[in-house]
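**Q** can you look at this prediction? I've put the sequence above it.
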Amino acid sequence: MKILFVASEAFPLVKTGGLGDVVYSLPHALAARGADIRLLLPGYRALLRQLGEVRILGWLDVRGAEGMVSARVLETRHPGFTFPLWVVDCPPLFDRPGNPYVNASGQDWPDNAERFAVFARVAAQLGLDALGLGWQADVAHAHDWQTGLVAAFLADAPIRPKSVFTIHNLAYGGYFSHSDFVRLQLPSHWWSPEGVEFHGGFSMLKAGIVYADAVTTVSPTYAREICTPEYGYGLDGLLLSRQYKLTGILNGIDTSIWNPATDAHLPAHYSASRINPGKRRNKQALLARFLGSVDDEALRAPLCGLVGRLVEQKGIDWILAALPGLLAETDARFVLLGSGQAIFEQKLLRLARQHPDRVFVEIGYDEALAHLIEAGSDIFLMPSRFEPCGLNQMYSLAYGTPPVVYKTGGLADTVVDTNEATLADATANGFVFDTPTVDAFAEAVRRALAAYRQPAVWRRVQQTGMARVFDWNESAGHYLSLYSM
């Protein structure tokens, strides 16, 4: 089966979040099952600089905002990928520094409508083998709003590949104005409430939902949640009407990268059968990064970790509100890695200055530190208000670091609360709260800290989490079945 993956990012070439990880891992899992993959990415400046030898497949002229735009299509091999990469090289749209979606001040690039409409037009043409390469896709699998128009362009073709569209986060809809729609000369029959029109503008994500043959999202619970007003962002009615083609398939994790027994970023390896002393040595290294010297008292005290975006969606405001009380009531320490809204960054840094021996904060992202936090922490904090799938809670389970989560989306599908019943049936692997409040979060942390003080109970919770398989094999099977329907 020939599958054209179309995405705006892919680890390790360009990554702003979990989308990049999925677009790296899922096609590799499919390729391992015999699929013939091509991955198409925009030719960002930073991406092109990472490529070695490239081959020009050809040029495609497609409609832009001010007339026709010429895009050069490149093919390359990269040591991180087992299949060919295709790159849309269009310097006026993609040859610029920094983030793929926003400028240095954090504002959306003003020409994002044109950038991703052109990218989608080229993707659709390649899906139809417009360059005569002799590689005709059976499936074009597009990801998130940046590629939502791919299915729409393919829908008008008489003979075409099957189109699949995956929603990684419905909160980001790719909304643009009617004037953008007109300037891009998008087909007039798309402009209707049953097409791409959305409150006077248009949504690229809505286009994917409307025109794709199949729509997926990244966990079964999130597939149900987005069909409700609470999580639907105004698209819940549309999604309800398209439930016949909507499927929730849980993401996996790349266990060649995220595995405490082999993780290249860790000073000590460990497994479910022998969690200590490996985990203890990682905790010591993590604390030493911030404290310098580490004594037995510091090693005995529970360490709570967080890796993620510092935004309301991730519940960082709940954490900030709960921290003063938890610092006063317990001996727990906290280590947090991430970036996001300036106000949250500033508040965390202030707390770290006030409690230099208890609160450790690093603003930004550091891959090695992220791995060390997963391995060296005792408890992982992930109280997202909504979470389409989430990867960090799966990393935490695999690393024997029971997570504290709100009962939503992929968190609800992967984390089982620790209580008498779940301890008795050996399913407990974390701590779940189901009321979206600071008090409920703080109480879940207290329950986790109490369980940590019971070594036999804690080890059972750790081992249950580490025993669950989160690799991509099962999910890849679900996608192959979907492609064949």
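**A** Good, I have the coordinates.

**Q** host element of Val335?
**A** Applying DSSP states H and E as the criterion places Val335 in strand 333-338.

**Q** name the surrounding residues that touch that strand.
**A** If you take C-beta atoms under 8 Å, 6 or more residues apart in numbering as the criterion, strand 333-338 is touched by 286-287, 290, 298, 301-310, 316, 319, 323, 326, 348, 357-366, 369-370, 373, 376-377, 381. Backbone N, C-alpha and C define where each C-beta goes, glycine included.

**Q** show me which of those are buried.
**A** Listed as buried from the contacts of strand 333-338 are 286-287, 290, 298, 301-310, 316, 319, 323, 326, 348, 358-363, 369-370, 373, 376-377, 381; burial here means 16 or more other C-beta atoms under 10 Å.

**Q** among these, which are in strands?
**A** Residues of the buried ones among the contacts of strand 333-338 located in strands (DSSP state E): 303-307, 359-363, 381.

**Q** now render these as a markdown table, adding distance to Asn259 and pLDDT.
**A** Output for these, formatted as a markdown table (distance: C-beta to C-beta, whole Å; pLDDT from 0 to 100):
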| residue | distance to Asn259 | pLDDT |
| --- | --- | --- |
| Leu303 | 21 | 98 |
| Cys304 | 22 | 98 |
| Gly305 | 18 | 98 |
| Leu306 | 21 | 98 |
| Val307 | 17 | 96 |
| Val359 | 29 | 98 |
| Phe360 | 25 | 98 |
| Val361 | 27 | 98 |
| Glu362 | 23 | 97 |
| Ile363 | 28 | 94 |
| Leu381 | 22 | 98 |
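
**Q** quick one: which of those residues is nearest Leu40?
**A** Val307 (29.2 Å; C-beta to C-beta).

**Q** residues contacting the closest one?
**A** Contacts of Val307 (C-beta under 8 Å, 6+ apart): 336-338, 370, 373-374, 392.

**Q** would you format those residues as JSON lines with pLDDT and distance to Arg38 included?
**A** Compiled in JSON lines, those are given as follows (pLDDT from 0 to 100; distance: C-beta to C-beta, whole Å):
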{"residue": "Leu336", "pLDDT": "98", "distance to Arg38": "39"}
{"residue": "Leu337", "pLDDT": "97", "distance to Arg38": "34"}
{"residue": "Gly338", "pLDDT": "93", "distance to Arg38": "33"}
{"residue": "Ala370", "pLDDT": "96", "distance to Arg38": "30"}
{"residue": "Ile373", "pLDDT": "98", "distance to Arg38": "35"}
{"residue": "Glu374", "pLDDT": "98", "distance to Arg38": "32"}
{"residue": "Asn392", "pLDDT": "95", "distance to Arg38": "30"}
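
**Q** any idea which of those has the most stuff around it?
**A** Ile373 (29 neighbours; other C-beta atoms under 10 Å).

**Q** tell me where the stretch 351-485 of the chain has helices.
**A** Using DSSP state H, counting those that start in this stretch, the helices of the stretch 351-485 of the chain run over 367-376, 392-398, 409-414, 420-424, 438-452, 455-467, 473-484.

**Q** Ala35: which of these is closest?
**A** helix 473-484 (7.1 Å).

**Q** buried sites along that closest one?
**A** 475-476, 479-480, 482-483.

**Q** can I get those residues in TSV including distance to Gly64 and pLDDT?
**A** Shown next, in TSV, are the buried residues of helix 473-484 (distance: C-beta to C-beta, whole Å; pLDDT from 0 to 100):
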residue	distance to Gly64	pLDDT
Ser475	36	95
Ala476	36	96
Tyr479	32	98
Leu480	36	97
Leu482	33	97
Tyr483	31	98
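
**Q** and of those residues, the nearest to Val73?
**A** Closest to Val73, out of all of the buried residues of helix 473-484 and judged by C-beta to C-beta, is Tyr483, at 23.5 Å.

**Q** so what's that closest one up against?
**A** Taking C-beta under 8 Å, 6+ apart, we find Tyr483 in contact with 1, 3, 138-139, 141, 162, 164.

**Q** how about the CA coordinates for stretch 386-406, as CSV?
**A** The C-alpha coordinates for stretch 386-406 follow below in CSV (Å, rounded to 0.1, in the frame of the first residue of the first chain):
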residue,chain,number,x,y,z
PHE,A,386,-8.2,18.8,27.7
GLU,A,387,-5.7,16.5,26.1
PRO,A,388,-6.4,14.9,22.7
CYS,A,389,-3.9,12.1,23.4
GLY,A,390,-0.9,13.2,25.3
LEU,A,391,2.5,11.5,25.1
ASN,A,392,4.1,12.6,28.4
GLN,A,393,1.8,10.5,30.5
MET,A,394,2.7,7.5,28.4
TYR,A,395,6.4,8.3,28.8
SER,A,396,5.9,8.6,32.5
LEU,A,397,4.1,5.3,32.8
ALA,A,398,6.9,3.6,30.8
TYR,A,399,9.5,5.2,33.1
GLY,A,400,7.9,4.2,36.4
THR,A,401,6.8,7.7,37.2
PRO,A,402,3.1,7.6,38.0
PRO,A,403,1.3,10.6,36.6
VAL,A,404,-1.3,12.9,38.1
VAL,A,405,-3.9,13.7,35.4
TYR,A,406,-7.3,15.2,34.9
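
**Q** shaky segments in this structure?
**A** Residues of the chain meeting the criterion pLDDT under 70: none.

**Q** could you list the domains of it?
**A** 2-252+473-484, 278-467 (automatic domain parsing).

**Q** export the ones you listed to CSV and tack on distance to Pro260?
**A** Formatted as CSV, these follow (distance: least, C-beta to C-beta, whole Å):
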stretch, distance to Pro260
domain 2-252+473-484, 17
domain 278-467, 5
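
**Q** relative to strand 359-363, how tilted is the strand holding Val335?
**A** Relative orientation of strand 333-338 and strand 359-363, computed by axes from the mean of the first three to the mean of the last three C-alpha atoms, to 10 degrees: 10 degrees.

**Q** from here on, count from 37
**A** Okay, using 37 as the starting number, the last item reads as strand 369-374.

**Q** coming back round to it: now the ones in strands among the buried ones among the contacts of strand 369-374 in TSV, with distance to Phe477?
**A** Output for those, formatted as TSV (distance: C-beta to C-beta, whole Å):
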residue	distance to Phe477
Leu339	18
Cys340	12
Gly341	15
Leu342	12
Val343	17
Val395	17
Phe396	20
Val397	19
Glu398	22
Ile399	22
Leu417	9
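
**Q** and of those residues, the nearest to Leu77?
**A** Nearest to Leu77 among those, with distances taken as C-beta to C-beta, is Val343, at 24.9 Å.

**Q** beta partners of the closest one?
**A** Leu373 (DSSP bridges).

**Q** what about it, distance to Leu220?
**A** Per C-beta to C-beta, to the nearest Å, Val343 is found 38 Å from Leu220.

**Q** how about Ala43?
**A** Counting by C-beta to C-beta, the gap from Ala43 to Leu220 is 21 Å.

**Q** please apply the same query to Ile285.
**A** 32 Å.

**Q** quick one: contacts for Thr298?
**A** Taking C-beta under 8 Å, 6+ apart, one finds 292, 305 in contact with Thr298.

**Q** just to revisit the earlier point, adding distance to Trp122, write the helices of the stretch 387-521 of the chain out as CSV.
**A** Below are these laid out as CSV (distance: least, C-beta to C-beta, whole Å):
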stretch, distance to Trp122
helix 403-412, 26
helix 428-434, 29
helix 445-450, 30
helix 456-460, 47
helix 474-488, 44
helix 491-503, 38
helix 509-520, 19
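
**Q** mind checking those helices for the one nearest to Val105?
**A** helix 509-520 (30.7 Å).

**Q** quick one, helices of the stretch 237-386 of the chain?
**A** Under DSSP H, counting those that start in this stretch, the stretch 237-386 of the chain gives helices at 240-247, 256-261, 265-268, 272-277, 314-327, 332-336, 352-365, 378-390.
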